[in-house]
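Colleague: Need a 3D model of the sequence below.
(one chain, ligands or ions: 1)
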Amino acid sequence: MWETCLTYEHAELEDGLFLEEVQANHCTVANWPTLRAQLIAPRPQLVRVRETCFGDSPVIQDAASNGCHTLAPTAGASFVEVPIGKSVTLHAGASCTGDSVTVQTDTSLCETSFGSGANTNDNVRSFQVQDVAAPPSAYRYTCSSEESTCVRNYNSSLGALHRTHPVRVVRVTLAGRTTPALTTIQARVRDMDAFFAVASRNQLRLDLIGSQTVQVTSSDCGTAKDQAVRQVSANAFLTVYVMPGGVCPSSYAGLHRVFLNDNLLRSYIHETGHVLGLGHGNVRDPSSGKDTQYGDASTYMGKFVSENYNLPQLHWLGWTKKEELIQINSAIDSAGFIEVTLRPVGSNAVSTSSLPLGAVWDIPGGKDRLFFTVPKPRLNDTNQIGGGAVFVYRAPKCEGCVDLGLDLGTLQLARFGPRATSEYAASGLVFKPVGFTSSFVQVNGVAVEEFTSVKLRIWR
Ligand SMILES: [Zn+2]
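Modeller: Below you'll find the model as predicted:
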């Protein structure tokens, strides 16, 4: 399907949206062009007000713009859908007056109260929509026109992403099938939070606010999911549903929820990556030009065992500081070449090194950029990425990306070791390693080479 439909040309068709349509049998040869057009059309970030306590009930009113929206006097609102990056203040009076409460995620009004303590269900008369703002920080930076080596981050939702997010876990059971125990599911969410703590430098954390087991009666994936969702409160940034074995063909991510088919940490981090706005880590074979979906082992957004998201994704999420990336366009334009010394990304833990993690080339006249990076300091048991190996990715700048669906997918264009002697090329640039620093460290009684830097020469 991936090959036939060229879905990789539209990251938003992969995994989430597209698979859901396939599972619902909407994707047929005859209706594919129509469906494709529908799926890739820009979707405005709508706040939707719904009729009953559940997220799939009829929409009473929606709002695309910031500002105050008043509901019809007879409308009994019971659910509000809030896209990432927006915050909604619900008011008891018309024209955004009176008792109020502010929410930043999908919210069932049946379980929500105004500041006074009064229940919000059927009592909301108006609502104010605004962008979630956050003060600038080392991770939420802007680039001034004099800062020619500053790599701009076009993600407008960092204010909403950089916080501690409430998470619920739901263990879904079905007679005759097995589902992992609630305690092991909770442990995985804590493991995922521990991963985020390091990779995000504490910009994004998870707070487990509720756990429950719900029973379903259908072994049909779609029906089982619907039955599960209807038994669970929506009031969380992320709800993790762990499905019974053998019911669904794959794991899947929606806007504020993930459905997992297994209890592997990497499945949690992959699907939650989609919720945060990440697409897949794909790989292009430089000799054949053929792309392999999910083939990048340097990110959890591939299909392999991994240790982190890749650098373009870490940057998109606002988990790198301004000085940790170098924009190289001006140096290439003026001198025709640049030499950069990079330190390995590893776990993206805070480092005292002054070396950058990556070099970035905005492809002139295009929507994409190249990232030059060194994913790992040394080879370990996780996957076969050698210490000091250089990866070159193409990633979208994502300027004006409106929804956080599946935006930041990457394409690995080149990969070579720090001792490589050949020259490599991608998107009009040529590059090769010209030096490195390393030493041997003892790991389980074996000497392993650990790289602290790799020097690259990049030219036109
Ligand atoms: Zn995926």
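
Colleague: List the contacts of Phe391.
Modeller: Contact partners of Phe391, counting by C-beta atoms under 8 Å, 6 or more residues apart in numbering, are Ser298, Asn310, Phe372, Thr373, Val374, Pro375, Gln412, Ala414, Arg415. The C-beta positions use only the backbone N, C-alpha and C, and glycine is treated the same way.

Colleague: so the third one bridges to which residues?
Modeller: According to DSSP bridges, the partner residues bridging Phe372 are Ala359, Val392.

Colleague: Quick check: the gap between it and Asp362.
Modeller: 13 Å (C-beta to C-beta, to the nearest Å).

Colleague: Those two: which has the busier surroundings?
Modeller: Phe372 (27 against 16; other C-beta atoms under 10 Å).

Colleague: what's the span of stretch 330-348, first residue to last?
Modeller: Length of stretch 330-348, first residue to last, C-alpha to C-alpha, to the nearest Å: 27 Å.

Colleague: And for stretch 392-407?
Modeller: End-to-end distance for stretch 392-407: 19 Å, by C-alpha to C-alpha.

Colleague: Phe431 and Ser330, how far apart?
Modeller: 17 Å.

Colleague: and the two? which has more neighbours close in?
Modeller: Legend: neighbour count by other C-beta under 10 Å for Phe431 and Ser330, higher for Phe431 (24 against 11).

Colleague: wait, doesn't that one sit right on Arg460?
Modeller: No - with contact defined as C-beta atoms under 8 Å, Phe431 does not count as touching Arg460 (10.3 Å).

Colleague: where do the helices sit along this protein?
Modeller: With DSSP state H as the criterion, the chain has helices at 2-5, 16-23, 32-40, 158-161, 182-199, 221-229, 265-275, 311-316, 329-335.

Colleague: pull the CA atoms of the fourth one into CSV?
Modeller: This file holds the C-alpha atoms of helix 158-161, laid out as CSV (Å, rounded to 0.1, in the frame of the first residue of the first chain):
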residue,chain,number,x,y,z
LEU,A,158,6.2,24.6,22.0
GLY,A,159,4.5,26.5,24.7
ALA,A,160,1.8,23.8,24.8
LEU,A,161,4.2,20.9,24.5
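
Colleague: can I get the CA coordinates of stretch 367-387 in PDB?
Modeller: Extracted as PDB, the C-alpha positions of stretch 367-387 are listed here (Å, rounded to 0.1, in the frame of the first residue of the first chain):
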ATOM      1  CA  LYS A 367      10.700  23.400   2.100                       C
ATOM      2  CA  ASP A 368      13.300  21.000   3.500                       C
ATOM      3  CA  ARG A 369      16.600  21.100   5.300                       C
ATOM      4  CA  LEU A 370      19.500  18.700   5.900                       C
ATOM      5  CA  PHE A 371      20.700  17.800   9.300                       C
ATOM      6  CA  PHE A 372      24.200  16.500   9.800                       C
ATOM      7  CA  THR A 373      24.600  14.600  13.100                       C
ATOM      8  CA  VAL A 374      26.400  11.900  15.000                       C
ATOM      9  CA  PRO A 375      23.700   9.800  16.800                       C
ATOM     10  CA  LYS A 376      25.800   7.700  19.100                       C
ATOM     11  CA  PRO A 377      29.100   8.000  21.100                       C
ATOM     12  CA  ARG A 378      29.700   4.200  21.000                       C
ATOM     13  CA  LEU A 379      28.300   0.900  19.700                       C
ATOM     14  CA  ASN A 380      26.100  -0.900  22.200                       C
ATOM     15  CA  ASP A 381      23.600  -3.700  22.300                       C
ATOM     16  CA  THR A 382      20.600  -1.600  21.300                       C
ATOM     17  CA  ASN A 383      21.200  -1.500  17.500                       C
ATOM     18  CA  GLN A 384      24.000  -1.600  15.000                       C
ATOM     19  CA  ILE A 385      24.700   2.100  14.800                       C
ATOM     20  CA  GLY A 386      28.500   2.500  15.400                       C
ATOM     21  CA  GLY A 387      30.000   5.100  17.700                       C
END
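
Colleague: how about it: buried residues?
Modeller: Within stretch 367-387, the residues that count as buried by 16 or more other C-beta atoms under 10 Å are 368-379, 385-387.

Colleague: How about stretch 209-219?
Modeller: By neighbour count with 16+ other C-beta under 10 Å, stretch 209-219 contains the buried residues Ser211, Val216.

Colleague: cool, and stretch 290-302?
Modeller: Neighbour-count burial for stretch 290-302, counted by 16+ other C-beta under 10 Å, picks out Asp291, Thr292, Gln293, Tyr294, Gly295, Asp296, Ala297, Ser298, Thr299, Tyr300, Met301, Gly302.

Colleague: With respect to Ser219, which of those residues is nearest?
Modeller: Closest to Ser219 out of those is Tyr294 (26.7 Å), distances taken as C-beta to C-beta.
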